[in-house]
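**Q** 3D model of this:
(one chain, ligands or ions: 3)
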Amino acid sequence: MPVPLAPYPTPPAPYSPPAANGAQSQLVCSGCRNLLLYPVGATSVCCAVCNAVTAVPPPGTEMAQLVCGGCHTLLMYIRGATSVQCSCCHTVNLALEANQVAHVNCGNCRMLLMYQYGARSVKCAVCNFVTSVVGSASAAEQKFNS
Ligand SMILES: [Zn+2]
Ligand SMILES: [Zn+2]
Ligand SMILES: [Zn+2]
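**A** Ligands and ions are numbered 1, 2, ... in the order given. The predicted structure is shown next:
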């Protein structure tokens, strides 16, 4: 979901100006594997932690996530990849839809829920409300940004 931004431009940002709508995307640093946020439209991201420059995947590339089967680290990869090697334990995880993780907000208490891709509904662990997962997964993933 697009987040409403300031109604007028506020230029004196000491940082690089936000792209078009100020939307941010995320990728995993190629050096230290930290999750990096960057403005949409950037072509590369310099990591503040290890200074590695990570190339941004071409626009339109959808990132997907899965949980490593070896160490249970959350891994990010370009959707469509068939396998993902974990940077921590070097387990090669098959990027099957069934292993992918998506996010949705509980329809009742707004708790952010994680569920496995392909699930039709998610039961909230907090309020037991069953939220049906409809529409695109990318819409659910964008909520993860906030
Ligand atoms: Zn880094
Ligand atoms: Zn691992
Ligand atoms: Zn709930």
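**Q** in this protein, which spans are strands?
**A** For the chain, strands defined by DSSP state E occupy the ranges 24-28, 35-39, 44-46, 53-55, 63-67, 74-78, 83-85, 92-94, 101-105, 112-116, 121-123, 130-132.
**Q** Rebuild the ones you listed as a markdown table, extending it with mean neighbour count.
**A** All C-beta atoms are positioned from the backbone trio N, CA, C, and that covers glycine. Written out in a markdown table, the entries for the strands of the chain read as follows (neighbours: other CB atoms under 10 Å):
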| stretch | mean neighbour count |
| --- | --- |
| strand 24-28 | 18 |
| strand 35-39 | 15 |
| strand 44-46 | 14 |
| strand 53-55 | 13 |
| strand 63-67 | 20 |
| strand 74-78 | 17 |
| strand 83-85 | 14 |
| strand 92-94 | 14 |
| strand 101-105 | 20 |
| strand 112-116 | 16 |
| strand 121-123 | 16 |
| strand 130-132 | 14 |
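**Q** ok, residue 42 - how many residues close by?
**A** Residue neighbour count, defined by other CB atoms under 10 Å, stands at 14 for residue 42.
**Q** Check the spacing between residue 32 and ligand 1 real quick.
**A** 3 Å (CB to the ion, to the nearest Å).
**Q** Could you shift the numbering so residue one becomes 323, and keep it that way?
**A** Done: numbering now begins at 323, and the last item shifts to residue 354.
**Q** just checking, that residue touches residue 370?
**A** No: in this structure, residue 354 sits apart from residue 370 without contact. The criterion is CB atoms under 8 Å, and the distance is 10.0 Å.
**Q** Those two: which has the busier surroundings?
**A** Comparing residue 354 with residue 370 by neighbour count (other CB under 10 Å), the higher total belongs to residue 354, at 15 against 10.
**Q** Residue 446 versus that one, what's the distance?
**A** Relative to residue 446, residue 354 is positioned 34 Å away (criterion: CB to CB, to the nearest Å).
**Q** Many thanks, we can stop here.
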